[in-house]
Structures are given as structure tokens and as C-alpha cells.
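Asks: pasting the structure only:
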């Protein structure tokens, strides 16, 4: 896979502000938009490239993930739909008098960008994802673990007096807010039936926090372990495990456990153990004496 340097593509520095990134995209979009370059395939490819770069760098979470893991791994974790989901590319293009980035084929005077593949149903999400007024929408709530590992759910669809039970496969690594499409399971009329779009709601977890495909978990250690090193018991998706703690670790410092994060599209994120100090509220006389000796020793 060809590595993509989004900063070079947009012509900005790595410490560029959001305003600088947006201004650069507007200038480049004005130059390379297919409406300004009809029939020019090279211009269209260039426009796709700068739009993709902007979609990532304008989103603080995606930008952080891209900076952290690099281009190759970022593209293993994020599909084209993931990259463009939730961005303001269309808002900017409309402000400039252009059509949406994704436009229905032959509709609205716009153009169609096709990256060759799409969401879980096989068609790209965008304007065309809801062009059929027979399409229906539903919401499905799942747990953090179900989102991380994948699962299968049953939905009961009601169409008039007819009830239908369908099985929905939830792929491992799905994110909160993503959609699944069940082809031919939407509203039926005039001998045709639309698609059903299922919006996924992932419930928060009391212990884990997700950042991209990484998982953040908190672990408390006592003062002696922080000073001398040792181990800490940590909750993971696969149960409790011991993690080595280096001597001199600082509060809020993170310990990285490779490959223990979210598995998605054949790649795995990491588990980051955020260290917190466990300070006793009540001390015994012996503990007070030892603490006093540490204080006198400059610790």
C-alpha cells in the first residue's frame, strides 16, 4: 500500500492549525475540483487525494490516530467510509458553489466519486446511501465487548401485519455511530423494497475507553511499586492479566501492551494502561515512621 503523507498533500506543516488546514483545502479544492476540470481524470484523482487528506487532518481524533500509527496502519484500521464519515467536506464544497463530494449518479448536477467498494452492504455511503425513499432506518444498541469482538443480533421487522426476523452480523471493531445496511429489508411499495440502515449505538464501558482502535484502561499501584517497579493486575478484553511496571513510573504515565486493543480488518490496536497511585488514607504507626524516613531521604 502506498503511504500517504496527508500534510504534504495539503501543503501544510505537521503543527498546522485547523484554520490553516481548512484554508489550504479550500484553495486546492478550487483548483482541482472536477467541475473546474471536466474530463480530466488526473485532476479528479488529485481532488480525491486532497479531500481524503482534509477529512483526516480536520478531525482531531483521526488526525491523532494518523500521527500516532502512521499512514500504512491507519489505512488498515480506517476504511474510506470511516475517513469521510462525520466530516464537513460537503459543507465546504457547498459554500464554494460545488456539489457534494458523494453525489448520486446523474443527479443534482454533481459528479460521482467511487472508491471501489463501500460499507457493509457493498455500496458507498454518501448522498446515494439514502437516495431511495423506500429505505428505512433503525437503531441497535450493543455492548463495548460486542463492538470489540463482533457478534450477531436478531431484529424483528414489522411491515403491516407481517413480522420478519432477520439476523444482523456485527463485525468486530465496529465504532459507535457507524451504520450497517441490510439490502432489501426496507419499506416495500409498488413491487420494490428499499434497504434497511442500522445505526449502531455502543454503550460506554465502566473500565475501558476507546481511542481509535486502542483501548485505555486505568490501573492503581501502590507507592512502593511506583518507586521500585513490579507488576499490576490489569483488566483486558480477555480477562485480567499482569503487566510489568517499570521503576520510577509517574502518575498518568501509560504502559503500552501491544496487540491487546480492538481487532478490526485483520489489524489490532494496543492496550494502554494508565497508571494511578493508590495512596492510603489511614497509616499505621510503622507506615508513618517509614514514610518519615523516605521524606528525610528526599523521596
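Replies: Great, that's in hand. Predicted, not measured: the structure shown is a model, and the values here were computed from it. Residues are numbered from 1 along each chain as shown.
Asks: quick check: mean pLDDT across the longest helix anywhere in the chain?
Replies: Taking DSSP state H as the criterion, the chain has its longest helix at helix 41-57. Over the span of helix 41-57, the pLDDT mean works out to 91.
Asks: what are the ranges of the strands in the stretch 151-299 of the chain?
Replies: 151-159, 162-170, 179-182, 188-189, 192-193, 196-202, 208-211, 214-222, 230-236, 239-245, 254-257, 263-264, 267-268, 271-278 (DSSP state E, counting those that start in this stretch).
Asks: Show me the one of the ones you listed that comes nearest residue 78.
Replies: Closest to residue 78 of those is strand 263-264 (C-beta to C-beta; 8.9 Å). Every C-beta, even on glycine, is put in place using the N, C-alpha and C of the backbone.
Asks: about what we covered before: dump the strands of the stretch 151-299 of the chain into TSV; add mean pLDDT and mean neighbour count as well.
Replies: Compiled in TSV, the strands of the stretch 151-299 of the chain are given as follows (pLDDT from 0 to 100; neighbours: other C-beta atoms under 10 Å):
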stretch	mean pLDDT	mean neighbour count
strand 151-159	82	12
strand 162-170	86	12
strand 179-182	88	19
strand 188-189	74	12
strand 192-193	80	14
strand 196-202	89	19
strand 208-211	93	17
strand 214-222	93	18
strand 230-236	93	16
strand 239-245	94	13
strand 254-257	94	16
strand 263-264	84	20
strand 267-268	84	18
strand 271-278	93	17
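Asks: So which residue is smack in the middle of this protein?
Replies: residue 212 (4.5 Å; C-alpha atoms, centre = their mean).
Asks: Can you name the residues that contact that one?
Replies: Residue 212 sits next to 61-62, 64-65, 68-69, 77, 269 when contact means C-beta atoms under 8 Å, 6 or more residues apart in numbering.
Asks: Recalculate using a threshold of 10 Å.
Replies: Residue 212 makes contact with 61-62, 64-66, 68-69, 74, 77-78, 175, 261-262, 264, 269-270 under the criterion C-beta atoms under 10 Å, 6 or more residues apart in numbering.
Asks: Next one: it from residue 69, what distance?
Replies: Counting by C-beta to C-beta, to the nearest Å, the gap from residue 212 to residue 69 is 8 Å.
Asks: Show me the common contact partners of those two, please.
Replies: Common neighbours of residue 212 and residue 69, using C-beta under 10 Å, 6+ apart, are 77-78, 269-270.
Asks: Pass me the low-pLDDT residue ranges in the stretch 1-150 of the chain, would you?
Replies: For the stretch 1-150 of the chain, applying pLDDT under 70 flags the ranges 1-2, 81, 99-133.
Asks: quick revisit: Throw the shared contacts of residue 212 and residue 69 into TSV and include neighbour count, thanks.
Replies: Output for these, formatted as TSV (neighbours: other C-beta atoms under 10 Å):
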residue	neighbour count
77	22
78	23
269	24
270	20
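Asks: Out of those residues, flag the one nearest to residue 7.
Replies: The shortest approach to residue 7 among the shared contacts of residue 212 and residue 69 belongs to residue 78, at 16.9 Å (C-beta to C-beta).
Asks: how near is residue 23 to residue 53?
Replies: 14 Å.
Asks: and what of residue 28?
Replies: 9 Å.
Asks: before we move on, what about residue 176?
Replies: 25 Å.
Asks: domain assignment for this structure?
Replies: 1-131, 132-203, 208-296 (automatic domain parsing).
Asks: ok, back up a step: more neighbours: which of residue 176 and residue 53?
Replies: The neighbour count for residue 176 versus residue 53, taken as other C-beta atoms under 10 Å, is higher for residue 53 (25 against 14).
Asks: Apart from its chain neighbours, what residue comes closest to residue 26?
Replies: Distances taken as C-beta to C-beta, 6 or more residues apart in numbering place residue 92 nearest to residue 26, at 6.3 Å, with adjacent residues excluded.
Asks: And for residue 52?
Replies: Using C-beta to C-beta, 6+ apart, the nearest residue to residue 52 is residue 83, at 6.0 Å.
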